[in-house]
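In: I'd like to go over a predicted model; first the sequence, then the structure.
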Amino acid sequence: MTKARANVDPNTNKNKAKSSVSTEDDFLNLPVHRYDFSSLETKLMTLALWLLVFVVYYTTLFPSAPGGDSAELIISAHQMSIAHPPGYPLFTWLGKLFIKLLPFGTIAWRVNLMSAMCGVFSSVLLFRSVALWTGNNWAGFLASTMFTFTPLIWTYTVQAEVFSLNNMFVNLMIYLSVLYAYSKSAINKAGPSGKPTYNSITLAHLGAFFAGLAMTNQHTIVVFLIPIIFWVTIVLGRNELLFDSRRWVSLFLALFAGLIPYVHLVISPMVNPHKYSWGDTSSFRGFFKHFLREEYGTLQLYSGHNADNSGLMDRWILYFGNAHRELLYIGLPLAFIGMYASIKGKRLNLRSVGFLFGVAYLFYITVFFSLTNLPLTSALHVGVLMRFFMQPNAMLCVWLGVGFAYVSDKLLPVDMSEKQRKNILGLIVILLSAIQISKNYSTQDQSQNWYFYYYGRGVLEPLPPNALLLVGGDLQSNIPQYVQLCEGFRTDVDVLPIETMSWDWWNSRQGIFFPNVTLPGYVYHPWKKGAYSMKDFLDANVKVRGRETFIAGEWKFGDPTHTDHYMTVPFGFSSRVFPKDYQLDVWDWLPKLNKALPVASEFPLPNDTVKYNAESWEHVVLSNFWEAYTRKANLFLTIGFDAKRPDSERAMEIVIETLEYVRVHYPTKWTLKYLGAAYDHLRYRQGHKQKEHLENMVRVWSEFLALGDDGNDKEYKIIVDAVEASKQQLKTLA
C-alpha cells in the first residue's frame, strides 16, 4: 500500500495526519488518501492509456475470420442466431451492433473490432481499480499495460472471442469491489461536500446488474462472482443488506435485469430460425439444456473421448509458468508482494478487499482448474485451456500494481518531492510498458492474417457444383460456414457438421435448411432406435440420391459402420467418399486431385512457427495444407509397394515427387520415413539409378533419424541399421 506521506504536506504534523483517519481504513487496508478521479493528471493518464491500447489493438487486428470458435460467433452475430452453449447472447448483440454501425471492413473485422474495444475498456477499468486502491496512477498504469499486452490477453482481444468481453466484466467487478470498499471508508463518508462520494447501496445494485450481464457472456465468471457476492452481502455490507428483505428483492431484480439478453435464445428460433444456429432453445427444457451447457458438461471444457490424466498440480504448474513468462519475470514477484501488502493489516479479516481477491483468486485456480477436463497431451488443447488463465491473471495484475506501489514507497527516499517521485515512477512504468509492447508486438500482429479465410475458400472452391460436404472439427466446420454465410462464397455446397448432427435437436431445427439431403432417421446416432448411422446416411445420399459427397476433417468417433462399405479418396483439403465396390482409376483421378490441391507459392501459409506454434489454430491450417499432399502420396504408396503392378514404378515416382515437395516446406517424421522407403524400393527396380536412389535414401532417412526416437516407431532401429549399411554400400559404388 502507498504510504500517507505522499498526500501529507511536509510542513504539517505527520501524527496529526495519521489520526485523521478512522480505524475502519486500517482493516480495509485502503490507502490513506482521497482519490480524485477528476484531477487533470488522472484524466490525462486515462486518455493516454485509452489511446495507447486502442492504437495497438487496432493496428494488430485480424482482418477476417480467426480460427477456433471465432468464425461461429461471427456468424451468430451476423445472423442474430444462437451460438454454441451457453449461447453468448450479449456477444451476439454487441457484434451485430458493430456490424450495423460500421459501413466498412469485412463482417469478421467489425466483430473483431468489437472485441478489441472491450479490451480497451477492460484496460482502463484495471487502471482505475489499482489507482483508486493505491492512490498511485503509475501503479495503475503499469498493472494495466502488463495485463493488456501479455501475449495471452492480446491474442484473444484482437479477434472475435468471448474472452475479451469476459475480461472487461472481470475488471469491472474488481473495480466495483474496490469502489464498494472505498465507499465504506471514513474518507468517502466525509466527502468534499460533507456527504459520501460513493453510495454503497447504489454500487451493490450496479454490481448485481453487471454480474447478471456478465453471465450472459461467459459462465466461468461465476467462480469469481461467488466470493464477491458473499463478501458484499455477508461480510462488508451485512449491516445494510443482510437483514433488509426489500434490498434483497431489489438486488435480485437488478441481477435478473442483467440476464435479459437471454431472451434472445427463446425469441430467435421462433421468430427467425437460421442455418447453423445451435440448439432447440424455444422450449423450456431446450433453453436450460443450452444455458447449462449439458451437451459439453456443465462447467467443463471438453466433450471428447480422450481421457485426461493430468491433475490440478499439472494445471497450476502450467498456469504459473505461463504467468511468470508473460509478465516479464518481474510480474509474479511484484504480485506476491502486492498480495502481502493488501492483507497485512493488523486487523486482518474477511472485510479486507485484499483478502477478498485472495479468496476469489484461490477459489478460481482451485475449483475451476479442478473441473477442467481437457487432455493436456495435445498442444492444441493446452492452448484452449490457457484461454481460461486470463480471468485469474486480471487479479494477479491488480496485485502487481499494488506490489509496485508498495515497493516504490519502501525504496524511494522519504524526503523526495512528489514531483520527483512521480517522474521516477513514470520513467520506470513507461520503460516496462514499452518493453512489454515491443517484446510481443510482432508475434501478436495479425493485421495480415488471412490464413483462415483462404483455407475456407480452399476447402470449398474445388468441389463440384451442389456437392455435399461433411465436416468434422472446429476449423473444418466454422471457417467454410463463415465463408459461405458471411462472404457469400460457394453457397451451393451443403456443409453438414458431423458433430452437431449427433445432437437430438439437429434434424428438427437444421434439417429444413438442407432440402437436398436425406436424413434417414430422427437423429444421427449409430445405436439409438429410430436413429441413423453414418452408413445409413451415406447409403441414402451417395447411393440413392447420387450426391457427390466429400469429407473434411474427422469422422464421428464411435461410429465405424461405414468403414466396411465406403472408402475415401483425397481431393484437396477434403476427400471424396465412394462406395467400396467403386472401380476407381487413380490415373484418371490424378488430374482432378492435382487441380484440387492448393499450390504453396500461391496460397498464404502461416510458416512462422515461432509466431504460430503447435498450440495455435494457424498451425492446424499449416498442418492441414501439407496433409493434403501426404494423403495424395499415401494413395499412390499402396500401388508403389506392389511390385507386381506394371504402374508401380510410376506410382512410386509420384510419391517421391510429392513427398520431396513436402519435405522442403514441412518435413515430418511420416514424410521422411516414407520418402526414404520410396527411394529404397526404387533402387532395386531401377538398377541404372541405384546409386542415386541409395544416396537419396541415406539423405532422407538421416534427416528422419535426426528428429529422434520417440519410442513409438518399431521400425526406427531398422532404419538406423539400413542407413549404416547403405553408407558402407555407397563406398563400394564410389
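Out: Noted; the coordinates are in hand. Numbering: from 1, shown residues only.

In: so residue 670 belongs to a helix, correct?
Out: Yes - Residue 670 forms part of a helix when assessed by DSSP: H, G, I helix; E, B strand; the rest coil.

In: mind listing what it touches?
Out: residue 630 (C-beta atoms under 8 Å, 6 or more residues apart in numbering). Glycine gets a C-beta too; all of them are placed from N, C-alpha and C.

In: quick one: low-confidence parts of the stretch 351-500 of the chain?
Out: The model of the stretch 351-500 of the chain has pLDDT under 70 over residues 351-352, 373.

In: buried residues in the helix or strand containing residue 426?
Out: If you go by DSSP states H and E, residue 426 is part of helix 418-444. By 16 or more other C-beta atoms under 10 Å, the buried positions in helix 418-444 come out as 421, 422, 425, 429, 432, 433, 436, 437, 440, 443, 444.

In: repeat for stretch 459-466
Out: Buried-residue list, stretch 459-466, by 16+ other C-beta under 10 Å: 459, 460, 461, 462, 463.

In: identify the residues contacting the fourth one.
Out: This points to residue 462. 571, 572, 595, 596.

In: sec struct for it, please.
Out: Going by three-state DSSP: residue 462 is coil.

In: immediately after the helix or strand hosting residue 223, which helix or strand?
Out: If you go by DSSP H and E, residue 223 is part of helix 222-230. Next helix or strand after helix 222-230 toward the C-terminus (DSSP H and E): helix 245-258.

In: how about residues contacting that next one?
Out: 201, 204-206, 208-216, 233, 240-241.

In: am I right that residue 397 sits in a helix?
Out: Yes - assessed by three-state DSSP, residue 397 belongs to a helix.

In: what's the separation between residue 389 and residue 51?
Out: 27 Å (C-beta to C-beta, to the nearest Å).

In: pick out whichever of those two has more residues nearby.
Out: Per other C-beta atoms under 10 Å, whichever of residue 389 and residue 51 has more neighbours is residue 389, with 21 against 11.

In: how close does that one sit to residue 382?
Out: 11 Å.

In: same question for residue 476.
Out: Residue 476 is 21 Å from residue 382, by C-beta to C-beta.

In: and what of residue 179?
Out: Distance, residue 179 to residue 382, by C-beta to C-beta: 37 Å.

In: those two - which one has more neighbours?
Out: Set side by side, residue 179 and residue 382 show more neighbours around residue 179, with 22 against 17, by other C-beta under 10 Å.

In: from memory that one sits against residue 198, does it?
Out: Yes - with contact defined as C-beta atoms under 8 Å, residue 179 counts as touching residue 198 (5.7 Å).

In: picking up where we left off before, in JSON lines, list the buried residues of stretch 459-466 along with distance to residue 96.
Out: JSON lines is the format used below for those (distance: C-beta to C-beta, whole Å):
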{"residue": "459", "distance to residue 96": "26"}
{"residue": "460", "distance to residue 96": "25"}
{"residue": "461", "distance to residue 96": "29"}
{"residue": "462", "distance to residue 96": "33"}
{"residue": "463", "distance to residue 96": "30"}
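
In: now, which of those sits nearest residue 606?
Out: residue 459 (16.3 Å; C-beta to C-beta).

In: what sits against the residue lying closest to the closest one once chain neighbours are set aside?
Out: Nearest residue to residue 459, sequence neighbours excluded (C-beta to C-beta, 6 or more residues apart in numbering): residue 573, at 4.5 Å. Residues near residue 573 by C-beta under 8 Å, 6+ apart: 455, 458, 459, 552, 598, 624, 625, 628.

In: and residue 88, by the same measure?
Out: Residues in contact with residue 88 (C-beta under 8 Å, 6+ apart) are 73, 76, 162, 216, 217, 218.

In: how about a cut-off of 10 Å?
Out: If you count contacts by C-beta atoms under 10 Å, 6 or more residues apart in numbering, residue 88 has them with 69, 72-73, 76-77, 82, 94-95, 162, 165, 216-219, 261, 264-265.

In: if we can go back for a sec, which among the contacts of residue 462 end up buried?
Out: The buried subset of those - by 16+ other C-beta under 10 Å - is 571, 572, 596.

In: inside helices: which ones of the residues you listed?
Out: The helices, defined by DSSP state H, take in residue 596 from the buried ones among the contacts of residue 462.

In: tabulate the buried ones among the contacts of residue 462 (CSV), appending distance to residue 532 and pLDDT.
Out: Formatted as CSV, those follow (distance: C-beta to C-beta, whole Å; pLDDT from 0 to 100):
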residue, distance to residue 532, pLDDT
571, 25, 97
572, 28, 95
596, 29, 96
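
In: and the buried ones among the contacts of residue 462 as a markdown table, adding distance to residue 667?
Out: Putting these into a markdown table (distance: C-beta to C-beta, whole Å) gives the following:
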| residue | distance to residue 667 |
| --- | --- |
| 571 | 24 |
| 572 | 22 |
| 596 | 23 |
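
In: quick check, nearest of the buried ones among the contacts of residue 462 to residue 56?
Out: Using C-beta to C-beta, residue 572 comes nearest to residue 56 of the buried ones among the contacts of residue 462, at 37.6 Å.

In: and the nearest residue to that closest one once chain neighbours are set aside, what does it touch?
Out: Excluding the flanking residues, the one nearest residue 572 by C-beta to C-beta, 6+ apart is residue 596, at 3.3 Å. Residues in contact with residue 596 (C-beta under 10 Å, 6+ apart) are 458, 461-463, 550, 570-574, 576, 628, 632.

In: between the residues you listed, which is closest to residue 708?
Out: Nearest member of these to residue 708, counting by C-beta to C-beta, is residue 628, at 26.3 Å.

In: can you tell me the element the closest residue to residue 387 other than its chain neighbours falls in?
Out: In space, residue 387 comes closest to residue 163 once its chain neighbours are excluded; the distance is 5.7 Å by C-beta to C-beta, 6+ apart. Residue 163 belongs to helix 162-183 when assigned by DSSP H and E.

In: cool, and residue 654?
Out: Per DSSP H and E: helix 648-665 holds residue 654.

In: and that helix, what's buried?
Out: By neighbour count on 16+ other C-beta under 10 Å, the buried set for helix 648-665 is 648-649, 651-652, 654-656, 658-663.

In: and stretch 668-684, by the same measure?
Out: Those would be 668-683, for stretch 668-684 by 16+ other C-beta under 10 Å.

In: max pairwise distance over the residues you listed: which two?
Out: The farthest-apart pair in these, when distances are taken by C-beta to C-beta, is 668 and 683, at 23.0 Å.

In: show me where the protein has strands.
Out: 468-472, 494-497, 549-553, 566-571, 574-579 (DSSP state E).

In: now the angle between strand 549-553 and the fourth one, please.
Out: Read it as strand 566-571. If you take axes from the mean of the first three to the mean of the last three C-alpha atoms, to 10 degrees, strand 566-571 sits at 70 degrees to strand 549-553.

In: who does strand 566-571 pair up with?
Out: strand 574-579 (antiparallel) (DSSP bridges).

In: just the third one next, same as before
Out: Sheet pairing for strand 549-553, assigned by DSSP bridges, gives strand 468-472 (parallel), strand 574-579 (antiparallel).
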